[in-house]
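> Provided below are the primary sequence and the corresponding predicted coordinates.
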Amino acid sequence: MIKNALYLACFYDPMGNDMSEYPYFKGDACSKCLEGQTCDDGLCTDDDIQTAGPACEDKAGDAKCAGWKWSCVDNAAYMKKNCRKTCGHC
């Protein structure tokens, strides 16, 4: 650590380093807010950060996610991103 330095961190949800997804979208401020979010100073916000996030769906497909349900805990990062509905992340 550097003495007298200022450190900033961004907390994206869902977290991860997936090169196929971006933490922001070009366009008018708040034009892509999700259901239940509000616009606060040009940013989409939610009072409960745990419920904010992508649509409540299984990106990997309902059948696959149902078969992988046991992974909701063991492979939580992947499942939170791809099987939100099955694992109860929304």
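Received, thanks.

> any buried residues in stretch 32-43, and which?
For stretch 32-43, a neighbour-count test (16 or more other CB atoms under 10 Å) marks 33, 37 as buried. C-beta coordinates here come from the backbone N, C-alpha and C atoms, glycine included.

> keeping just the C-alphas, turn that stretch into PDB.
Only the C-alpha atoms of stretch 32-43 are listed here, as PDB (Å, rounded to 0.1, in the frame of the first residue of the first chain):
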ATOM      1  CA  LYS A  32     -31.500   0.900 -19.200                       C
ATOM      2  CA  CYS A  33     -32.600   0.800 -15.500                       C
ATOM      3  CA  LEU A  34     -34.100  -2.600 -14.500                       C
ATOM      4  CA  GLU A  35     -37.600  -3.100 -13.100                       C
ATOM      5  CA  GLY A  36     -37.700  -1.800  -9.600                       C
ATOM      6  CA  GLN A  37     -34.700   0.600 -10.000                       C
ATOM      7  CA  THR A  38     -34.800   4.300  -9.900                       C
ATOM      8  CA  CYS A  39     -32.600   7.000 -11.400                       C
ATOM      9  CA  ASP A  40     -30.400   8.800  -8.900                       C
ATOM     10  CA  ASP A  41     -28.100  11.500 -10.200                       C
ATOM     11  CA  GLY A  42     -27.900   9.800 -13.600                       C
ATOM     12  CA  LEU A  43     -27.300   6.200 -12.200                       C
END
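
> pLDDT on it, on average?
Stretch 32-43 carries an average pLDDT of 82.

> list the buried ones in stretch 56-67?
For stretch 56-67, the neighbour count (16+ other CB under 10 Å) marks 58, 60, 65 as buried.

> same list (the residues you listed) but as JSON lines, adding pLDDT, distance to residue 77 and secondary structure.
Listed next are the buried residues of stretch 56-67 as JSON lines, based on pLDDT from 0 to 100; distance: CB to CB, whole Å; DSSP: H, G, I helix; E, B strand; the rest coil:
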{"residue": "58", "pLDDT": "88", "distance to residue 77": "15", "secondary structure": "coil"}
{"residue": "60", "pLDDT": "86", "distance to residue 77": "13", "secondary structure": "coil"}
{"residue": "65", "pLDDT": "91", "distance to residue 77": "15", "secondary structure": "helix"}
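
> between these, which is closest to residue 76?
Ranked by distance to residue 76 (CB to CB), the buried residues of stretch 56-67 are led by residue 65 at 13.4 Å.

> if anything else comes up later, I'll come back, but that's it for now.
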